[in-house]
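S.K.: no sequence on this one, just coordinates:
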């Protein structure tokens with residue numbers, strides 16, 4: 001008896017859509033996922049196995065690069081630092097930790 005691979009889904013609008021197999025995610029690294037509307041999400045798996053997704057577009061430069069950022073934490077809050085100008089974005093809220101007036105959209109993630 002074989003088991004199906006574990007899949008990663010993002011919530012978009014009022015529905016879930018499949019992004020990839022769980023095996024494609026590497027803890028501590030991000031991947032870019034194409035959303036149904038043509039935008040991109042940056043999908044991350046932390047070293048404890050928790051998954052996060054935020055918009056991939058860096059609001060400071062307009063480049064779709066957040067999936068290539070470095071993961072870290074501050075006061076127990078997970079963040080990704082943009083690979084370009086190094087602004088940090090909270091992976092749970094999307095809030096920029098370096099500029100309170102800037103945020104990126106977050107996307108619920110389900111691994112099943």
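M.R.: Good, I have the coordinates. Bear in mind that the values here come from a model prediction, so they are computed numbers and not experimental data. Numbering: from 1, shown residues only.

S.K.: which residues does residue 43 bridge with?
M.R.: Residue 43 forms beta bridges with residue 31, residue 53, as assigned by DSSP bridges.

S.K.: same deal with residue 80?
M.R.: In beta-bridge terms (that is, DSSP bridges), residue 80 pairs with residue 71, residue 89.

S.K.: per-residue confidence for it?
M.R.: At residue 80, the model reports a pLDDT of 98.

S.K.: With the one 5 residues further on instead?
M.R.: Per-residue pLDDT puts residue 85 at 96.

S.K.: can you confirm it is in a helix?
M.R.: No: secondary structure of residue 85 (DSSP: H, G, I helix; E, B strand; the rest coil): coil, not part of a helix.

S.K.: In this structure it contacts residue 63, no?
M.R.: No: checked against Cβ atoms under 8 Å, the pair residue 85 and residue 63 is beyond contact range at 9.8 Å. Heads up, the C-betas are built off the backbone N, CA and C, glycines and all.

S.K.: All the helices of this protein, in order from the start?
M.R.: Counting by DSSP state H, the chain has no helices to list.

S.K.: quick one: low-confidence parts of it?
M.R.: The model of the chain has pLDDT under 70 over residues 1-3.

S.K.: mind listing what's buried in stretch 4-21?
M.R.: Going by neighbour count (16 or more other Cβ atoms under 10 Å), the buried part of stretch 4-21 is 8-10, 12, 19.

S.K.: Looking at the residues you listed, which is nearest residue 71?
M.R.: residue 8 (16.6 Å; Cβ to Cβ).

S.K.: For that closest one, give the beta-bridge partners.
M.R.: Beta-bridge partners of residue 8, as defined by DSSP bridges: residue 20, residue 111.

S.K.: can you tell me which residues contact it?
M.R.: 18-22, 24-25, 43, 51, 109-111 (Cβ atoms under 8 Å, 6 or more residues apart in numbering).

S.K.: Between which two of these is the distance greatest?
M.R.: 24 and 110 (15.3 Å).

S.K.: ok, the closest residue in space to residue 96 that isn't next to it in sequence - contacts?
M.R.: Nearest non-adjacent residue to residue 96, counting by Cβ to Cβ, 6 or more residues apart in numbering: residue 102, 4.1 Å away. Listed by Cβ under 8 Å, 6+ apart, the contact set of residue 102 reads 59-60, 87, 95-96.
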